[in-house]
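Asks: What follows is a predicted structure for the sequence shown.
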Amino acid sequence: MGFALLALIAASACRRQADEGIAASGSLRGANVLLVTIDTLRQDRVGAYGNANGLTPTLDRLASSGVRFAHAFTPAPLTLPAHASILTGLLPRRHGIHNNTSFRLDLAVVYAGLGRADEARTVFHQLLDRNPAAATTWFNLGLFELQTRRLSEAVAAFRRATAIEPSYGEAWQALGAALLNSNRPEAIDAWRTAERILPRDYDLLFNLAMVLADSDMPAEAIPYLQRFAREAPSERYARNIARVRATLARLERRQP
């Protein structure tokens, strides 16, 4: 299924010269944003992309006065998952929309992304009233509560998700993050479980290793530090690898 997207900043008040650099935080507040999404539109049917038949004059005018991207990528070739990602900035595995039949969960995620907390929470709980065994919904509710800094509610939601689906690595990882400041031993246990399920999640591996290194059982960090230093892609984790190696050397010097 094809998918085309034009995102246009339409307010003349927010126009900037190209050499002004990145806008300061909040400087575009109040700007008008027009989001146009068109399902199953082929690129070669749009004039701005070379079609000479005049099929899309309005889109062509918008493109000529704005920015036209030569390449665009979607996290999912389906309407609802793609729109949920557009409106929340999350990948499908994070927002939980994987098909075109999960509209109410999509609505809850969109409300959360828009900062409409009460409406988002209401939709999440309506969904859970209908299907209390939906691990993904509990996970998304936990992420939402974590974002709104309701940590006890986030922990409760992540616990439900992991109880329903014990192999839900992302939920164990999120549970550890929610517990880190209030119950570090339990957070470490949650991250250990997540790491067994998601052994190639190097962000998780780094966090687990460094938290253990600063705990009262630093020797247990060594295998995780060694594996991170050995396996993590250097092009992405160069600074983390240097930090891990320094921590590893410090801990190894302490070993009898």
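Replies: Arrived safely.

Asks: what about Leu35, which SS state?
Replies: strand (DSSP: H, G, I helix; E, B strand; the rest coil).

Asks: Run a quick neighbour tally on the closest residue to Gln43 other than its chain neighbours.
Replies: Among residues not flanking Gln43 along the chain, Tyr49 sits closest, at 4.9 Å (C-beta to C-beta, 6 or more residues apart in numbering). Just so you know, the C-beta spots here come from the backbone N, C-alpha and C atoms, and that holds for glycine as well. Other residues within reach of Tyr49, judged by other C-beta atoms under 10 Å, total 16.

Asks: and what of the one 3 residues further on?
Replies: Applying the criterion other C-beta under 10 Å, we find 6 residues in the vicinity of Ala52.

Asks: Determine the three-state secondary structure at it.
Replies: coil.

Asks: Quick test: name the residue nearest the centre of the protein.
Replies: For the chain, the residue nearest the mean C-alpha position is Leu90 (3.7 Å; C-alpha atoms, centre = their mean).

Asks: surely it meets Ala84?
Replies: Yes. Using C-beta atoms under 8 Å, Leu90 is in contact with Ala84, at 7.3 Å.

Asks: all helices of the chain, in order?
Replies: Secondary structure of the chain by DSSP state H: the helices cover 57-64, 79-88, 92-95, 103-113, 117-130, 135-147, 151-164, 169-179, 184-197, 202-213, 222-231, 234-254.

Asks: who's in contact with the residue lying closest to Ala190 once chain neighbours are set aside?
Replies: Distances taken as C-beta to C-beta, 6+ apart put Gly176 closest to Ala190, at 3.7 Å, once the chain neighbours are dropped. Contacts for Gly176 (C-beta atoms under 8 Å, 6 or more residues apart in numbering) come out as Ala187, Ile188, Asp189, Ala190, Trp191, Ala194, Asn207, Leu208.

Asks: Pull out the buried members of those.
Replies: Ala187, Ile188, Ala190, Trp191, Ala194, Asn207, Leu208 (16 or more other C-beta atoms under 10 Å).

Asks: Would you reformat those residues as CSV and include distance to Arg250?
Replies: Below are these laid out as CSV (distance: C-beta to C-beta, whole Å):
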residue, distance to Arg250
Ala187, 23
Ile188, 19
Ala190, 26
Trp191, 21
Ala194, 25
Asn207, 18
Leu208, 17
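
Asks: ok so, going back, comparing the helices of the chain, which gets the lowest mean pLDDT score?
Replies: Per-stretch mean pLDDT for those is lowest at helix 103-113 (a mean of 59).

Asks: Domain ranges for this protein, per the record?
Replies: 1-15+28-73, 80-130 (automatic domain parsing).

Asks: chain center to stretch 187-197: distance?
Replies: Put simply, stretch 187-197 sits 19 Å off its chain's centre (C-alpha atoms, centre = their mean, to the nearest Å).

Asks: contacting residues around it?
Replies: By C-beta under 8 Å, 6+ apart, the residues outside stretch 187-197 that reach it are 162, 167-170, 172-173, 175-180, 201, 204-205, 207-208, 211-212, 215, 224.
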